Structures are given as structure tokens and as C-alpha cells.
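Colleague: Would you be able to build a 3D model of this:
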Amino acid sequence: MIQVFKPSIGEEEIAAVEEVLRSGWLGLGPKTKDFENQFAEYVDASFAVGMNSGTAALHLALVALGVGPHDEVLVPTITFVSTALAPVYCGAKPVFVDADPETLCMNVADAEQRITEKTKAIMPVHYGGHPCDMEAIWRLAGTHNLLVIEDAAHACGAKYRGHRIGGLQSDATCFSFHAVKNLTTGEGGMVTTESEYIDRRLRQLRWCGIDKTTWGRTEAIMDEARPSYGKYGWYYEVVTLGYKAHMSDIAAAIGLVQLEKLDRLNARRREIAGIYSDIIASLDWCRPLAVYDYNVETSQHNYVIKVNEIGTRDRLNLYLKEKGIATGVHYTPIHLQPYFASQSTPLPLAEDVWRRILTLPMYPDLTDEQAYYIGRTIKEFGEHDGKAAIT
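Modeller: Numbering: from 1, shown residues only. Have a look, this model is predicted:
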């Protein structure tokens, strides 16, 4: 079975983990600091803070920015559930926004209609690695005095108007390094920001509200701002309510290797997408998602096709499965999930398009031969499926 997603891990990552294991320092330490510094430099951000997941990155970014009870946060409905859970963790309410049916990113016009006096923030998701129209989102946020937190779980290495996602003007940008993301640490996340205050706050929040990490206390034994016993490495203070959400040096070691490979791995993803698109261009019953022309470079986290007829997607899914090709659906709109259904309103564009999308296999180690096989198999399905024609 050809998988939908698969991490690209080599001997370099294995060696990097072995080095950490032999070092005797496995937790939050020098490798994490190195990874944060190099990641910040890569995206051209002032600060980067490592987390143990992309979900934690979203959650703590909202906490650091002051989102709390009685606030509302605009989130797209077509995304992984973590985007909606993060506001809930803060006591805030996620307000679901309809989709752009061509890219599956947030529909900015619909977002504007859902702003109330309680709206505190907007969380656009760069779906599939395709950057959102950030200029439109920043204008909307500026008009209504909203915080902007980018969910870049799919967009590591993507560019918007020549600048990498993560180094733009938003209040914070959150990345996921889950096992199948473009850059993986097995599990992990990162928040980038231009604010020194948010950077400092995040470092406290991720480590139980403590003012210094264990590695930080080891690095700086003497601290004149503390009582005389501050010279001892064991001394710290709990200064706020915090969480256990920091990255480990094991994860960071993998991340450092993956970061060196990221541009090459993303370029390979775009090559695979090109193979798919060349074949699918000849079909009249399905098409890929659009790439908008406001100067973006996608990280091509996934490759999604959209069929014309509802029902075709599910037949195609089963047909490909029979041929040894796994596919997926990303995602069922969150507002239709049982937990959130009682607080949502109809979102017609998302409710239509999600029933017509299918995610094809996409990962750097997919071979050209496999990609052509997948494309040919989709073409064969259309030739044999009488209901696949345009209505």
C-alpha cells in the first residue's frame, strides 16, 4: 500500500539522536536552543520558541497574547481540530469561518461577517502549505483591532511575497513538527514572533511558569538580580501559571537535521505535485486545488484533488485502495464534528467542498514511478466510472 504521508528520515537523523542520547542531556537543553536559533534565522523571525507539539504552540501563543474567557477567535472550519481546540483551552470561543473553495484556506469575506465586539483574534491556516492572503487578513485585523496568529502547521518553508511564513508581521506564527509534517521532529512545534515580551512569556508558559530552564540555570550560575543564593544552579522562581509543553533535545536534534534538508524536501514535494497535475490536467471530472497568484510558494504539504460530483470522491477512494493506493480526506469541517455542532452555524461552501476533496499520497520519498502510477490509476478510474463525468 502506498501511504498518504510518510516521514523522510535518514541516517543523519539517527546519528543526531544517538549523539543526544550519549550526551546525558535529553530534555530541554542546548540542542533545543540551537534549533530555535537556526529556525528563527531560517524564517527571518526575531524569536522562535520550541514546543512539544503544534497544538501546544497554538494554545500557548493565545495564552501569551492574552486570549481568555469571553473572547472569540475566528478559525477556519476546514483544518485539523487543534486550531479550534486552542481557543477552547483558553476559555475562549472558536467562531468557525467558511472556506475558500479553491484553496480551502479561510474565506476572508466570511470572516469579516463573523466579527463581533467579543472577537479578539483571527487564526488563518495555510492549508496544504498554500499561504493565505495575508494582506487581506492584516487589513481586516487592523480595521477591527484583532490579533493575528498564523497556523502554519502545513507551511514550513512556504513563502508569501518573497518572505518565509513565520517571519511576517503577524503577532505569532505556529508550526507543527508532527511525524508527517514537512519538517518532523517526531512530535513537536514552534512559535515565532517579533515580540521580545511574547518570547519571554512563551518560555515561562511552556516550562511550568518557571523563570529559568534547567539548562539556563546551568548556563548562568551567577545572577545578580536574585538573592545571594541565586549563584547556585538549583534556584528558580515560579512566576506564572504554566504548562509542561517544552521541546526536548531529542526532538530538536532531529529538527536540526531536518531543517538543513527542508528546502530540498519541499522542492521534491513540488516535483511530485507537478507529475500529478500534468496527468490531472487532461481530466474533465476533477482538478487540483488552486494556487493563487499573489506571489506565493507553497510548501506542498499535501496534494488535494476536487471532483465535480458528490459521490465520486468516495468511489475513487475505494478504487485507489483496491489498487494499493491509500488516500485521505483533510478535513471534515470542524463545525460538523459532534463536540462543536451545537455552537455552529451553516457554512455552505465548506459543507459542499469537503465532500468532493481527496488527498493523494505526498511525501519526498515517493518515487516518480509511484506518482505516475497514482496519476494513471486516477485516469483509469475516470474512464471506467460512468458517473464521473461533468453534470
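Colleague: Tell me the first helix or strand C-terminal of the worst-scoring helix or strand of the chain on mean pLDDT.
Modeller: One helix or strand of the chain scores below all others by mean pLDDT, DSSP states H and E: helix 214-219, with a mean of 68. As assigned by DSSP states H and E, the chain's next helix or strand after helix 214-219 is helix 249-280.
Colleague: Give the other helices and strands that that next one contacts.
Modeller: helix 11-23, helix 30-43, strand 47-51, strand 286-288, strand 303-307, helix 368-384 (3 or more C-beta pairs under 8 Å, 6 or more residues apart in numbering; DSSP states H and E). All C-beta spots, glycine's among them, are computed from the backbone N, C-alpha and C.
Colleague: Turn these into JSON lines, columns for distance to Ile165.
Modeller: Converted to JSON lines, those look like this (distance: least, C-beta to C-beta, whole Å):
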{"stretch": "helix 11-23", "distance to Ile165": "23"}
{"stretch": "helix 30-43", "distance to Ile165": "7"}
{"stretch": "strand 47-51", "distance to Ile165": "13"}
{"stretch": "strand 286-288", "distance to Ile165": "21"}
{"stretch": "strand 303-307", "distance to Ile165": "19"}
{"stretch": "helix 368-384", "distance to Ile165": "25"}
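Colleague: from those, which stretch is densest packed?
Modeller: Mean neighbour count (mean count of other C-beta atoms under 10 Å) peaks for strand 47-51 among those, with a mean of 27.
Colleague: Tell me what angle it forms with helix 30-43.
Modeller: 130 degrees (axes from the mean of the first three to the mean of the last three C-alpha atoms, to 10 degrees).
Colleague: what's the average pLDDT for strand 47-51?
Modeller: The average pLDDT within strand 47-51 is 98.
Colleague: Dump the C-alpha coordinates for that strand into PDB.
Modeller: This file holds the C-alpha atoms of strand 47-51, laid out as PDB (Å, rounded to 0.1, in the frame of the first residue of the first chain):
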ATOM      1  CA  PHE A  47      12.400  34.800  18.200                       C
ATOM      2  CA  ALA A  48      11.500  31.200  18.000                       C
ATOM      3  CA  VAL A  49      10.300  29.000  20.900                       C
ATOM      4  CA  GLY A  50      10.200  25.200  20.700                       C
ATOM      5  CA  MET A  51       7.200  23.300  21.900                       C
END
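Colleague: can you list contacts of it?
Modeller: Contacts with strand 47-51, where a contact means C-beta atoms under 8 Å, 6 or more residues apart in numbering, come from 28, 32, 35-37, 39-40, 57, 60, 166, 188-196, 198-199, 202-203, 206, 245-247, 251-252, 255.
Colleague: those helices in the stretch 101-250 of the chain, which residues are they?
Modeller: 108-113, 134-144, 196-205, 214-219, 249-280 (DSSP state H, counting those that start in this stretch).
Colleague: for these, which one sits closest to Leu65?
Modeller: helix 196-205 (6.8 Å; C-beta to C-beta).
Colleague: Just name whatever secondary elements that closest one is in contact with.
Modeller: strand 47-51, helix 54-64, strand 189-193.
Colleague: Can you say which of the ones you listed is packed in most?
Modeller: strand 189-193 (a mean of 29).
Colleague: and that strand, how far from the chain's centre?
Modeller: 11 Å (C-alpha atoms, centre = their mean, to the nearest Å).
Colleague: do stretch 124-144 as well
Modeller: Relative to the centre of its chain, stretch 124-144 is centred 14 Å away, using C-alpha atoms, centre = their mean.
Colleague: Over to stretch 314-333?
Modeller: With C-alpha atoms, centre = their mean, you get 22 Å for stretch 314-333.
Colleague: partners of the closest residue to Lys118 other than its chain neighbours in the sheet?
Modeller: In space, and not counting its chain neighbours, Lys118 is closest to Glu72: 4.4 Å by C-beta to C-beta, 6 or more residues apart in numbering. Beta-bridge pairing of Glu72 under DSSP bridges involves Lys93, Thr119.
Colleague: I'd like to know how many residues surround Glu72.
Modeller: By other C-beta atoms under 10 Å, the residues close to Glu72 number 21.
Colleague: residues contacting it?
Modeller: Contacts of Glu72 (C-beta under 8 Å, 6+ apart): 87, 92-95, 116, 118-120.
Colleague: C-terminal to the host helix or strand of Val353, what's the next element?
Modeller: Using DSSP H and E, Val353 sits within helix 348-353. Where DSSP H and E defines the elements, the next helix or strand beyond helix 348-353 is strand 357-360.
Colleague: who's in contact with that following strand?
Modeller: By C-beta under 8 Å, 6+ apart, strand 357-360 touches 4, 104, 276, 289, 302-307, 313, 316-317, 325, 327-330, 374, 378.
Colleague: Pick out the residue nearest the middle of this protein.
Modeller: Ala153 (0.6 Å; C-alpha atoms, centre = their mean).
Colleague: residues contacting it?
Modeller: 54, 80, 82, 125, 174-176, 178, 181.
Colleague: what's the farthest-apart pair in these?
Modeller: Val125 and His178 (14.4 Å).
Colleague: Give me the below-cutoff pLDDT ranges for this protein.
Modeller: Applying pLDDT under 70 to the chain flags residues 217-233, 386-391.
Colleague: Would you mind giving the domain segments of it?
Modeller: Here the domain parsing of the chain from automatic domain parsing is 11-97+104-258, 262-388.
Colleague: and these, which is most packed in?
Modeller: Highest mean neighbour count among the domains of the chain (mean count of other C-beta under 10 Å): domain 11-97+104-258, a mean of 20.
Colleague: hang on, the earlier thing: got TSV for the contacts of Glu72, with distance to Ser46 too?
Modeller: As requested, those are exported to TSV (distance: C-beta to C-beta, whole Å):
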residue	distance to Ser46
Pro87	25
Ala92	26
Lys93	31
Pro94	28
Val95	30
Thr116	32
Lys118	30
Thr119	27
Lys120	23
